[in-house]
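[1] Pasting the sequence and the predicted model now:
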Amino acid sequence: MYRPLKDATSLLTLRCQQAQIRQGFAALSRAASPLYDPAVEMSPLSGLGEDDMPNLSAPTAPVFLISVVLALFALIGHFVTIPFVTMYQFWVAIAAYVVLFLGTVLKDF
């Protein structure tokens, strides 16, 4: 049954109760799991440490300019007929983003 909340304090109390219920269910599901090891308690963000993240770097100026030129060709090819670009403007734009992505992920690209 729906009941309106009177003030912000009752809303905060309700949110805290919901969080406690969720934590209780999570503890029950972990305890029931055959893979659960109580000695190793994992935080919600475990496995997302600095070691797991890719090392990103700024793309070099030529890579960035190639990406911008490809993106501009794709944009202009939408409005003006350019032989290859107009036909494949979507893929030219995707190529621009792939070049930019590779420039940020790969160190010496």
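    Done, it's in.
[2] From residue 105, how far off is residue 98?
    10 Å (Cβ to Cβ, to the nearest Å). Quick note: C-beta positions are derived from backbone N, CA and C, even for glycine.
[3] ok, now residue 73?
    Taking Cβ to Cβ, one finds residue 73 at 23 Å from residue 105.
[4] between those two, who's got more neighbours?
    When residue 73 and residue 105 are compared for neighbours, residue 73 comes out ahead with 19 against 13, by other Cβ atoms under 10 Å.
[5] what sits against that one?
    82, 85, 92 (Cβ atoms under 8 Å, 6 or more residues apart in numbering).
[6] Can you flag which of these belong to helices?
    85, 92 (DSSP state H).
[7] Pick the one among the contacts of residue 73 closest to residue 14.
    Proximity of the contacts of residue 73 to residue 14 (Cβ to Cβ) peaks at residue 92, which lies at 52.0 Å.
[8] That closest one: neighbouring residues, count only.
    Neighbours around residue 92, by other Cβ under 10 Å: 20.
[9] so what's it scoring on pLDDT?
    With respect to pLDDT, residue 92 has a value of 95.
[10] and if you look at residue 66?
    Looking at residue 66, the pLDDT reads 96.
[11] shaky segments in the chain?
    Low-confidence segments of the chain (pLDDT under 70): 1-12, 25-53.
[12] What about residue 104, how many residues nearby?
    Counted with other Cβ under 10 Å, residue 104 comes out at 16.
[13] So residue 107 versus residue 73, what's the distance?
    27 Å.
[14] can you check residue 13 too?
    According to Cβ to Cβ, residue 13 and residue 73 sit 58 Å apart.
[15] Likewise for residue 89?
    8 Å.
[16] again with residue 66
    From residue 66 to residue 73 the distance is 11 Å (Cβ to Cβ).
[17] Ok, residue 56 next?
    26 Å.
[18] Ok, residue 57 next?
    Plainly put, residue 57 is 25 Å away from residue 73 if you go by Cβ to Cβ.
[19] Please enumerate the helices of the protein.
    Under DSSP H, the chain gives helices at 8-32, 61-79, 83-87, 89-105.
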